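**Q** Here's a sequence, model it:
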Amino acid sequence: MENKNSHTNNDTFLAQWLEGELSDTELKNRISEQDYTAFLKLRKALDVSNELNASTKDSFYKIQERIANKKTPVRRLHTARWSMGIAASILVIVGLFSIFSDTTITHQTSFGETKSIPLLDGTQVVLNSKSTISYNKTDWKNNRQLTLDGEAYFKVEKGSTFTVHTSNGSVTVLGTQFNVNSTTDFFDVVCYEGKVGVKTNTSEHILLPTNSIRKINGNSSQSSVTQLLKPTWTDGESTFKSVPIKYVIKALEDQYNIKIDAASIDDTTIFSGSFPHNNLGVAFTTVFDALGITYNETQKRNIKLRY
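**A** Numbers count the residues shown, from 1 in each chain. Coordinates of the predicted model:
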């Protein structure tokens, strides 16, 4: 039996997302992978609708209104006009989805999953857990741009400018190796080879090999230096240097498909260290014991932290 509350929640989340009340990451954490992929395509369709004729625009506005109205009790309707309207709306969505299914390629990972992805120009992308990239394959050779939500390591083939767009800023290179980690309020870029340009709403940076830049809650920190040749998460271990514990907790949740209640601790506590991706017990011991934080499982895959 279908869960009506689940459908209602998804409609509410979609309405909030379309209005900018939810970020990509927040939406992704509230719905299934399948629904998230479908919602991404809907947003692409909405963007394109601005370039279509007025009747198409009006159809989408009606769709958004219907979605938003699902937040309030829904009256039972039996009229043929209502059924025809819904059918027309679905046809508009399907038609626009077909446009993007032909040109937009999306790759995503689930909890604890990493994925190696070859792009059309030979560039290699390694996608960390609970992350998504999407790009338009049309004219990729001369217009190498993609969108990232989450974390990915790039080995870019030399050629035209290669740009990674995120909700926190963009990263532009010609041919290099670099890592980008972008979530709701966390943005971290590390250059391993070549030269990387980083641009946010408030600043611009040029990174050389071993240089990195981090932005938390909109505030850029000082550039730091790494001795690593590539990110450790590509080999099954997440490493952090002077990072608020809240972001380490998010990484643990993404790797192990768990929920961690951190309401009883100071989630701004700074952590430096690493945890493995193949042993939850060792991961918890490594992260929390040194900080004097205890933990217990309150429900299946639900962990509560306290001092």
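**Q** Run through the stretch 51-200 of the chain and note the low-pLDDT ranges.
**A** Scanning the stretch 51-200 of the chain for pLDDT under 70 picks out the ranges 51-102.
**Q** Now do the strands in it.
**A** Ranges of strands in the stretch 51-200 of the chain, per DSSP state E, counting those that start in this stretch, are 104-108, 115-118, 124-127, 132-136, 144-155, 162-165, 170-173, 177-182, 186-193, 196-199.
**Q** helices and strands around the first one, which ones?
**A** Helices and strands touching strand 104-108, by 3 or more Cβ pairs under 8 Å, 6 or more residues apart in numbering; DSSP states H and E, are helix 33-49, strand 124-127, strand 132-136. Where C-beta positions appear, they are placed from N, C-alpha and C, glycine not excepted.
**Q** between those, which one is nearest to K230?
**A** Ranking the helices and strands packed on strand 104-108 by their distance to K230 (criterion: Cβ to Cβ) puts strand 124-127 first, at 8.8 Å.
**Q** Can you show me the CA trace of that closest one as PDB?
**A** Extracted in PDB, the C-alpha atoms of strand 124-127 (Å, rounded to 0.1, in the frame of the first residue of the first chain):
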ATOM      1  CA  GLN A 124      38.300  11.000 -14.500                       C
ATOM      2  CA  VAL A 125      35.900  11.800 -11.600                       C
ATOM      3  CA  VAL A 126      35.800   9.900  -8.400                       C
ATOM      4  CA  LEU A 127      32.500  10.600  -6.600                       C
END
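**Q** Let me see the residues that make contact with it.
**A** Here strand 124-127 makes contact (Cβ atoms under 8 Å, 6 or more residues apart in numbering) with 107-109, 114-119, 133, 150-155, 234.
**Q** Please compute how far that strand lies from its chain's middle.
**A** Relative to its parent chain, strand 124-127 has a centroid offset of 14 Å by Cα atoms, centre = their mean, to the nearest Å.
**Q** Okay, now the sheet partners of that strand, with direction.
**A** In the sheet containing strand 124-127, its partner strands are strand 115-118 (antiparallel), strand 144-155 (antiparallel), by DSSP bridges.
**Q** which of these sits most buried?
**A** Of all the strands paired with strand 124-127, strand 144-155 has the most neighbours on average by mean count of other Cβ atoms under 10 Å, namely a mean of 22.
**Q** For the residue nearest to R144 when sequence neighbours are not counted, list the residues it contacts.
**A** With sequence-adjacent residues excluded and distances taken as Cβ to Cβ, 6 or more residues apart in numbering, R144 is closest to F162, at 4.4 Å. If a contact means Cβ under 8 Å, 6+ apart, then F162 has 123, 144-145, 154, 156, 172-175 as its contacts.
**Q** Would you check which pair of the residues you listed lies furthest apart?
**A** Once Cβ to Cβ is applied, those give Q145 and G175 as the farthest pair, at 15.3 Å.
**Q** Hmm, V156 and T123 touching each other?
**A** Yes - at 4.9 Å, T123 counts as touching V156 under the criterion of Cβ atoms under 8 Å.
**Q** Looking at those two, which is more packed in?
**A** V156 (24 against 19; other Cβ atoms under 10 Å).
**Q** got any ranges where the stretch 201-307 of the chain has weak pLDDT?
**A** In the stretch 201-307 of the chain the weaker segments, taking pLDDT under 70 as the threshold, are 220-223.
**Q** In it, mark out all the strands, start to finish.
**A** Secondary structure of the stretch 201-307 of the chain, counting by DSSP E, counting those that start in this stretch: strands at 204-207, 211-216, 219-220, 224-225, 237-244, 259-261, 270-276, 294-299, 302-306.
**Q** In TSV, list the ones you listed along with mean neighbour count and distance to K28.
**A** Written out in TSV, the entries for the strands of the stretch 201-307 of the chain read as follows (neighbours: other Cβ atoms under 10 Å; distance: least, Cβ to Cβ, whole Å):
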stretch	mean neighbour count	distance to K28
strand 204-207	16	27
strand 211-216	20	20
strand 219-220	12	24
strand 224-225	12	28
strand 237-244	16	19
strand 259-261	16	15
strand 270-276	16	22
strand 294-299	12	22
strand 302-306	16	19
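**Q** Reformat the ones you listed as TSV; add distance to L27.
**A** TSV is the format used below for the strands of the stretch 201-307 of the chain (distance: least, Cβ to Cβ, whole Å):
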stretch	distance to L27
strand 204-207	29
strand 211-216	21
strand 219-220	24
strand 224-225	31
strand 237-244	23
strand 259-261	17
strand 270-276	26
strand 294-299	24
strand 302-306	21
